[in-house]
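Chemist: quick one, fold the following:
(4 chains)
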There are 4 protein chains.
Amino acid sequence: MRESFFADLLAQIADRGRALFPGSRRVPLLGHQPDIRDLCNALLSRRGEASGVALADQILNIWSQSDSERKKRFLLDLVADFGPSLPQFEAAIATWKEQRSEATLRAVHAAAEPRRQELIRRLNLAPGGTRRLVSMREEIFAHRKEHPELDILDADFVHLFSSWFNRGFLVLRRIDWSTSANILEKIIRYEAVHAIDDWTELRRRIEPEDRRLFAFFHPQMTDEPLIFVEVALTRDIPDSIAPLLAPDRQAISTAEADTAVFYSISNCQEGLRGVSFGNFLIKQVVEDLRRELPNLRTFVTLSPVPGFAKWLDRQLGTAPAWLTPADIEALDILRRGGGITNDQERGHLAVTLDGAAAQYFLMEKNNHQKPIDPVARFHLGNGARLERLNPFGDISANGIRQSYGLMVNYLYDLKSIEENHEAFAEAGEVAASSTVRNKLRPTTAERKDSKKIVA
Amino acid sequence: MRESFFADLLAQIADRGRALFPGSRRVPLLGHQPDIRDLCNALLSRRGEASGVALADQILNIWSQSDSERKKRFLLDLVADFGPSLPQFEAAIATWKEQRSEATLRAVHAAAEPRRQELIRRLNLAPGGTRRLVSMREEIFAHRKEHPELDILDADFVHLFSSWFNRGFLVLRRIDWSTSANILEKIIRYEAVHAIDDWTELRRRIEPEDRRLFAFFHPQMTDEPLIFVEVALTRDIPDSIAPLLAPDRQAISTAEADTAVFYSISNCQEGLRGVSFGNFLIKQVVEDLRRELPNLRTFVTLSPVPGFAKWLDRQLGTAPAWLTPADIEALDILRRGGGITNDQERGHLAVTLDGAAAQYFLMEKNNHQKPIDPVARFHLGNGARLERLNPFGDISANGIRQSYGLMVNYLYDLKSIEENHEAFAEAGEVAASSTVRNKLRPTTAERKDSKKIVA
Amino acid sequence: MRESFFADLLAQIADRGRALFPGSRRVPLLGHQPDIRDLCNALLSRRGEASGVALADQILNIWSQSDSERKKRFLLDLVADFGPSLPQFEAAIATWKEQRSEATLRAVHAAAEPRRQELIRRLNLAPGGTRRLVSMREEIFAHRKEHPELDILDADFVHLFSSWFNRGFLVLRRIDWSTSANILEKIIRYEAVHAIDDWTELRRRIEPEDRRLFAFFHPQMTDEPLIFVEVALTRDIPDSIAPLLAPDRQAISTAEADTAVFYSISNCQEGLRGVSFGNFLIKQVVEDLRRELPNLRTFVTLSPVPGFAKWLDRQLGTAPAWLTPADIEALDILRRGGGITNDQERGHLAVTLDGAAAQYFLMEKNNHQKPIDPVARFHLGNGARLERLNPFGDISANGIRQSYGLMVNYLYDLKSIEENHEAFAEAGEVAASSTVRNKLRPTTAERKDSKKIVA
Amino acid sequence: MRESFFADLLAQIADRGRALFPGSRRVPLLGHQPDIRDLCNALLSRRGEASGVALADQILNIWSQSDSERKKRFLLDLVADFGPSLPQFEAAIATWKEQRSEATLRAVHAAAEPRRQELIRRLNLAPGGTRRLVSMREEIFAHRKEHPELDILDADFVHLFSSWFNRGFLVLRRIDWSTSANILEKIIRYEAVHAIDDWTELRRRIEPEDRRLFAFFHPQMTDEPLIFVEVALTRDIPDSIAPLLAPDRQAISTAEADTAVFYSISNCQEGLRGVSFGNFLIKQVVEDLRRELPNLRTFVTLSPVPGFAKWLDRQLGTAPAWLTPADIEALDILRRGGGITNDQERGHLAVTLDGAAAQYFLMEKNNHQKPIDPVARFHLGNGARLERLNPFGDISANGIRQSYGLMVNYLYDLKSIEENHEAFAEAGEVAASSTVRNKLRPTTAERKDSKKIVA
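Modeler: Numbering: from 1, shown residues only, chains lettered A, B, ... in the order given. Now for the predicted structure:
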């Protein structure tokens, strides 16, 4: 009951939106159009208190009808003209210096808040405001390189979006073949890991009994997924992606499945970059699936290793100690575009990739002492464990190019998530199964052990 | 479609809530219970990143099981131990002094933010977090007199709630006899102007064709109205409340109505005090009713005058120039508890109340140069106009006690709302019809005019 | 998704209904109003094919505005003028006599169908038609005694309603405190076993964790329950009603409950009398509860025994062999309006009531060789077993008056339902626990045994 | 509220369905499977009263797992073994002969009802029963030619379906881009007039502001449209289909449209053949569109003329009086597969097609004295008027082959629908605009007039 109650609410919003937009959007950009900055000042003034909704709508309409050049100018104006009031800020600091108290400190905090933030809050009054503000932030990205001063504006958006898109306000929803087409269409568009070619392929990912797709939504953007994850229910942990996506595969019944495989995670809203919910998404899905299907025992990803091939190519140039002539020979076949033709070659290549991957994940670090692989940083940062290396996980042309075919599994084991997360966050320690650790070549392993002792 | 989609989402939240609460809420308060402050620190730490939802839930459960004394101590701890880091703050100011830039200013802003705010944001991760945080703030009110330092914590709540309950996130919904009982029950409980005695009385307010009730809701609190307004559709502006509420009155058809009367507005959530949406509510309802019923031409309140009797009693003590012996005589009948028995008395009393009311609304000001009547401040602040004085608007015992029976109409005229609002906000000018202005007694009127000239 | 889809559909129906009714219902009953019989003939004619919806609506509007006398006349007209065409029927029989075939038999069947049935089908085209036809049938009951010829019309309604209200079209729904008020209001009104005095009492029956209420609905009458059952979740089988309904009782958690008690079943639609769904309702609820709460092991009623006191009073007059002087003495206290004051009396009374009840349920039969108690016939006919006699099950004034305080439990044991049902339907055999059987007084038991042997 | 309430109901049905089907459907067809006829007899017996839902489900599961041969045998068994009881029927007739009364007539009617009908009613108890029974009827069509005795069974289905799918139980719903994929997929599949090639084409038909698609649904088959109509909102009546379907056309705003064009109507459920709702669909859509868009003034179809080319080819063989050498020449170009290359040819062809079409629609009749064109019979039977002939309405290869490019408009004018319908149904009179009438060649027109005089 409660739900449908809200459904009604949203329907009304939607209706209102429809009623307001068609007309207002078509307002031609005539000569006498008011200046958008004047409107923003009005919105921040008393007039905004009286006519906030209409003013905010007008501003966002002008924005959306503007070309990229005008948009850029407006964004720069926001930086230049809608910051904090410096005199007030200096005065607040002076007062604080005189009399240190919670109250005077709070006054500094208040004076330091850019007027932009209140402006953005008031723009959100407009129908569809949240969505339109998210797309406004996307425009920042287009000009950021040229105008680094936009970073300061971006930070304001991030601050507000972090509050508005607090996980407490998000709703997890299963997407399936009974979901509305306007949402499914976006799943096709936003899928970023294993492209969905058409509606038939989409259907294969969401309709069979052993496939799931979950997405986070925000109440103000009910037909825009924020992030989604695709899940395959399997027996055992899969070691390659092709069988999972094969058009002619046989679905298994949920009763037979003991493993849930997260094989694709995609962020949908460029304008929410840096506002992370992937962490919450996976944990929530694990929890929900456990409740629904108690016989699931393993929660694991089948993940790409995006930078692996490039990194390995660079290693071949520097010839480090752990890289053997046999490795180089094995890789050469792939690098020349050839295929593996016999079991022996296949065996050699597996050894090579396993060794290189162990090196890549366990030993190579970026400036923050974290693994250089972004997907690894995401899952390890969530508290997952690097469980298995799959040398022939993705032998499509793209897979070979990206990672010489390597894919990996990260294991989400609820019992050790918190500990793993903490060790990773504080000491950069990579949680990995002994199987993976054992693939480290001796020289490295020694170095590693000694390092561990030091740490 | 979209709606029901969200309905599903909310259903899931609800289900999850149900699944989590029963168990967790029953956790007995044994000796080994973790300290709530420790948990809060954990929630702000790395552990909170990994296990935020569970931690937040645990903290809020402990909170809700605590007695008032323990709650107070926790609130005081939040003030004392979860403010900004002073060294960091001082360092940020020092840096700013050295190098004034957007970046260093922003650093001051960041350093000045109390850790409480991030804590409250993370507590919101818990199922039902928003609702539970709103009720946490109610506890502040209970201890604020004794501990004024809680004001600083209250300001943090207001800051966050203002962002979370941004009008852009609220949804207006009509409440009627097909609304769910758990919401209707709250309408009965929260009605603050003309009490609803039972379900029969409630039904009379929401079911007839010429009655409406609208409320604002937040997506995270779908069965808790935030504020609601009761509307009567009438022919002409009513001058007393009794006929509107009469159990045996005849409903008129919507086609016959030309006037919408807002006769009761009630805030529901004590914990959202100071986060105002009444302004938006009335304007939205006006807009929606105009769309639905194009023959409505007048939007007006029938409002109580809460402090009028007390104020007038004080005037009787000081005997100001505008108060005549005839006035005093007329009031005496009411003050002695008697009733008006003939048309002459009634005429006298009307003259007296009209004159006093004109004085009360137009001349008497508080420290901010605004009318002393809170209801007047609300509607005039919204840009409404004081339209008519109704000396016999509420002749119930309560009405006589509160305002000698006086009620007034405030008119919402979309064309002048913005102007009225601005004049009121800036100069304290009270928009009033000429009928009302003409009730001012000469002496006063002169004073008033002279004042206007000065202004 | 699918659901909300349908929600939309129903919303549209509802809207349309609202749009059509207000106006059409208000059509004044002027002199020139068309004759309702003419309209019915038009509806059955070509005109009905073109303008069926409007015609049907008009007829039902006139009907609902008519007084009881006009309604009666219309019902009688339906009997007299809208039967089958006799010449056609005779002709069809003649053809059949000449040539016996499936086709000629079918022609007889078709010719024998009263035109009323097609008329009723077409009346159902009107918005809200189903509901209005159900209420039309209620009017038949008001005149049936006086006009037994209405039976034939009643049979037509039953024939169509049995098809339309086929269990395959009904939907079971849990009613709780989040259900809409317009449905809850009807639960209060329709409760026929243990009256619900007000909304507070209603809430006690549906909100606690250990209380359930389920109802059947028809898609065309979504705010009208057809039948509902109230369930208490308990530990052990209860032997009296008062503790179940006590205002101050403590709810238990669903995890603690091992028994589901059906303590009230009420039919809601007088106009659907004879179209039975109680059978399906209980079985569906048993099935659903088992799925939701696997620790429930016992499904049982706590049922009144409506005719017991009257029957027993008659027995006292005839003094049958099984009734002892001690029995008569024990009952006398109650019959004189006194109360049981000590354990001895209580013990005597229990023996008396147990013995009489065993006689009543096991030995006394109506003309169809079924028990004389209607509630017993319903549950035994469903395949339940008479499990226990509770001499002090309802010691309220009403309980004493109706059944000298006796209540009984019928057990729904899925394993034996089919067998019990069959034995009861074919041989009138009453499934009863050995405990109940053992209460039979010797003389009777002998007779009973001998009878069994014969059977 | 009411709606969502029902949404819940349907969700439960759906869930239950899901819970029951997977298991039951997988039951392997082992040797010991019970005979389906025995189960049907059980379902009609006392056992069916006790365990109807489970039995019905079992029977329908066995059915759906059977091959076509077994299905055929079962259908024939239904005819042979589940008819009325002949002795009872003869007895009822005998009684009627002795004593003619409403009661004895009713007894004949009851005795004449085949047991099949009650069987089908009870099969409907199964989850998803209605849908499965609809598909059972489809199987009849596959064997009807070979076994004409199945007609009698088909008539039973039609009788029950006509009652169950009474328009009063159907719900009209707009289908758009927010509709769920599983329904949209069926729109693609069922479109029978202008094929929808893919999801992109589908989107063009339902998303633009000036396109609508409406479908009827039954509450028991919420994801199966029964029939749907596609509507284009236009300025003026269109004379050819290509511009309506052009991928690059510009949508107009609803405010600009004054005409609603029904350009495609498709029945979806083969198993509901003969249960007509197209009539209701169009009238309901007209009514709803009028309410939503008051500036719509014309409601018209753009319809194919399926048998026209074949008929005209036959005419060429017989060379009737109205066919001129010029006609034959004009057609010859098209018949040889050539295209029209200049305005003169185009003009000649238009004259030829207009003349032939007038002949085809106004003069040619089938055995029932109705036009030979099925689409014409449908719309004229609904009371529409043949408004305009469009000689170049569909110049696609298919259009030329089917009707030499001819399309026509039927006008739905609410004021004359009833009259047109009646004249058509009773006298076979074709309502046609004077423009169309004027295209009749003289000879024919004379004949026609004389005929009219006779009639």
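Chemist: going forward, measure contacts between C-alpha atoms and count neighbours the same way
Modeler: Noted.
Chemist: where does pLDDT dip in the stretch 1-150 of chain A?
Modeler: Residues of the stretch 1-150 of chain A meeting the criterion pLDDT under 70: A:1-33, A:48, A:50.
Chemist: elements contacting the helix or strand hosting A:Ile93?
Modeler: When elements are defined using DSSP states H and E, A:Ile93 is found to belong to helix A:86-98. The contact analysis (3 or more C-alpha pairs under 8 Å, 6 or more residues apart in numbering or on different chains; DSSP states H and E) places helix A:86-98 against helix A:102-112.
Chemist: for the helix it packs on, the distance to its chain's centre please.
Modeler: Between the mean C-alpha location of helix A:102-112 and the chain-wide mean there is a distance of 34 Å, by C-alpha atoms, centre = their mean, to the nearest Å.
Chemist: only the buried residues of that helix, if you could.
Modeler: Of the residues in helix A:102-112, A:102, A:104-112 count as buried by neighbour count, 16 or more other C-alpha atoms under 10 Å in any protein chain shown.
Chemist: so which strand or helix has A:Trp63?
Modeler: In the assignment (DSSP H and E), A:Trp63 maps to helix A:46-65.
Chemist: helices and strands around that helix, which ones?
Modeler: Based on contacts counted as 3+ C-alpha pairs under 8 Å, 6+ apart, the elements that helix A:46-65 packs against are helix A:2-26, helix A:36-44, helix A:115-123, helix A:129-143, helix B:414-427.
Chemist: where exactly do the strands run in the stretch 351-455 of chain A?
Modeler: Across the stretch 351-455 of chain A, reading from the start of the chain, the strands by DSSP state E, counting those that start in this stretch fall at A:385-390, A:407-411.
Chemist: what are the ranges of the strands in the stretch 151-300 of chain A?
Modeler: Taking DSSP E, counting those that start in this stretch as the criterion, the stretch 151-300 of chain A carries its strands at A:171-174, A:211-217, A:227-234, A:259-267, A:298-301.
Chemist: just so I know, which of these lies nearest D:Ser396?
Modeler: If you check each of the strands of the stretch 151-300 of chain A against D:Ser396 by C-alpha to C-alpha, strand A:211-217 wins as the nearest, at 42.3 Å.
Chemist: ok, whichever residue of the stretch 301-450 of chain A sits closest to chain B to chain C distance?
Modeler: Among the residues of the stretch 301-450 of chain A, A:Glu418 lies nearest to chain B; the distance is 5.5 Å by C-alpha to the nearest C-alpha. As defined by C-alpha to the nearest C-alpha, to the nearest Å, A:Glu418 lies at a distance of 31 Å from chain C.
Chemist: now A:Leu414
Modeler: Distance, A:Leu414 to chain C, by C-alpha to the nearest C-alpha: 26 Å.
Chemist: report how many residues lie close to A:Glu256.
Modeler: 13 (other C-alpha atoms under 10 Å in any protein chain shown).
Chemist: state the number of residues packed around the closest residue to it other than its chain neighbours.
Modeler: Spatial nearest neighbour of A:Glu256, excluding adjacent residues (C-alpha to C-alpha, 6 or more residues apart in numbering or on different chains): A:Arg235 at 7.0 Å. Summarising burial for A:Arg235: neighbours were counted as other C-alpha under 10 Å, giving 16.
Chemist: bridging residues for the residue most central in space within chain A?
Modeler: Nearest to the mean C-alpha position of chain A, by C-alpha atoms, centre = their mean, lies A:Asn267 at 4.2 Å. Per DSSP bridges, the residues bridged to A:Asn267 are A:Ile227.
Chemist: surely it is in contact with A:Leu226?
Modeler: Yes. A:Asn267 sits in contact with A:Leu226 when judged by C-alpha atoms under 8 Å, with a separation of 6.3 Å.
Chemist: show me which residues of the stretch 51-200 of chain A are close to chain C?
Modeler: The interface of the stretch 51-200 of chain A toward chain C, taken as C-alpha under 8 Å from any C-alpha of the partner chain, is made up of A:178-180.
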